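Engineer: With the sequence up front, the predicted model follows.
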Amino acid sequence: MYSQLENRELEGGYVRLHIKDLTQLRSRPSFENEPWFPSRQGDWVVMSDGTYGEVEAQTPDMVRLRLKGGANRSYKTQEYLSLSPTNLSKGFRITAVFGLDYQHQAGITEEIPHAIEQALVQGLRAQGYGGHMKRIEVEFMTAGASSLDLAVKAEFDGDTALWYQRLQRAIQRICVDACNTHGWVIPFQQVTVHIPEQSGQQDR
């Protein structure tokens with residue numbers, strides 16, 4: 001008498017065992033909404049090592065990602081799981097920090113965030129992402145050492161996972177365009193080096 005154990009999310013994810021081999025095995029109870037694997041074939045994922053790609057194949061032994069441009073990267077399945085893949089195909093959020101010069105302090109909490117938010121909505125719609133936007137929000141985050149920083153949060157549905165990196169660039173570009181339109185200054189970080197005077201050193 002044999003039993004077949006199967007994980008339907010994996011190619012070849014089954015094993016056929018004789019009943020006597022199961023007598024010493026124990027499994028915890030499964031839960032109704034518990035996923036069998038963090039991704040499916042065709043999903044787009046971002047790994048904790050920075051790799052971004054489409055799941056081309058996943059088996060009990062190996063997961064292969066297709067990267068942009070057509071290259072492949074393979075992981076042992078345990079290594080893949082240890083790198084905590086973020087599945088973008090269920091929807092995702094892009095968060096960016098954007099800084100403006102302190103001369104814009106008067107409008108940094110309300111007027112400027114609202115204007116950038118509107119620019120993002122209009123700009124992303126113009127690029128064809130309007131039907132995929134779930135939420136766009138810009139708000140003042142913190143007064144930094146050299147800039148007043150805004151937090152940009154943009155949420156999209158999973159259909160745009162293929163364009164994840166393109167959306168990141170588009171958001172930055174639209175923010176810069178908004179600054180150019182309104183004449184807002186983007187500061188560059190200034191570093192001041194202090195050199196202590198040595199005792200007994202004479203001016204020359």
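Structural biologist: Received, thanks.

Engineer: where exactly do the strands run in the chain?
Structural biologist: Using DSSP state E, the strands of the chain run over 2-6, 14-18, 44-46, 52-58, 62-67, 72-76, 86-87, 92-100, 133-143, 148-156.

Engineer: worst average pLDDT in those strands?
Structural biologist: Mean pLDDT is lowest for strand 14-18 out of the strands of the chain, coming in at a mean of 58.

Engineer: Dump the lengthiest helix in the chain to CSV, restricted to CA.
Structural biologist: Secondary structure of the chain per DSSP state H: the longest helix is helix 164-182. What follows is helix 164-182, C-alpha atoms only, in CSV (Å, rounded to 0.1, in the frame of the first residue of the first chain):
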residue,chain,number,x,y,z
TYR,A,164,8.6,47.4,-10.9
GLN,A,165,12.0,49.0,-11.7
ARG,A,166,10.6,51.2,-14.4
LEU,A,167,8.0,52.6,-11.9
GLN,A,168,10.7,53.3,-9.4
ARG,A,169,12.5,55.4,-12.0
ALA,A,170,9.3,57.1,-13.2
ILE,A,171,8.4,58.2,-9.7
GLN,A,172,11.8,59.8,-9.2
ARG,A,173,11.6,61.5,-12.7
ILE,A,174,8.1,62.9,-12.0
CYS,A,175,9.2,64.3,-8.7
VAL,A,176,12.2,66.1,-10.3
ASP,A,177,10.0,67.4,-13.1
ALA,A,178,7.6,68.8,-10.5
CYS,A,179,10.5,70.6,-8.8
ASN,A,180,11.6,72.1,-12.2
THR,A,181,8.0,73.2,-12.9
HIS,A,182,7.6,74.9,-9.5
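
Engineer: Output the contacting helices and strands for it.
Structural biologist: Applying 3 or more C-beta pairs under 8 Å, 6 or more residues apart in numbering; DSSP states H and E, one finds that helix 164-182 contacts strand 92-100, helix 111-126, strand 148-156. All C-beta spots, glycine's among them, are computed from the backbone N, C-alpha and C.

Engineer: now it against strand 133-143, angle please.
Structural biologist: On the basis of axes from the mean of the first three to the mean of the last three C-alpha atoms, to 10 degrees, helix 164-182 is oriented at 60 degrees to strand 133-143.

Engineer: List the buried residues of helix 164-182.
Structural biologist: Within helix 164-182, the residues scored as buried using 16 or more other C-beta atoms under 10 Å are 164, 167, 170-171, 174-175, 178-179.

Engineer: Check stretch 78-87 too.
Structural biologist: Neighbour-count burial for stretch 78-87, with 16+ other C-beta under 10 Å as criterion, is recorded at 80, 83, 85-87.

Engineer: what would those residues look like in JSON lines with distance to V138?
Structural biologist: Output for these, formatted as JSON lines (distance: C-beta to C-beta, whole Å):
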{"residue": "Y80", "distance to V138": "35"}
{"residue": "L83", "distance to V138": "31"}
{"residue": "P85", "distance to V138": "29"}
{"residue": "T86", "distance to V138": "23"}
{"residue": "N87", "distance to V138": "26"}
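
Engineer: Go through these and say which is closest to R40.
Structural biologist: The closest of the buried residues of stretch 78-87 to R40 turns out to be N87 (C-beta to C-beta; 8.5 Å).
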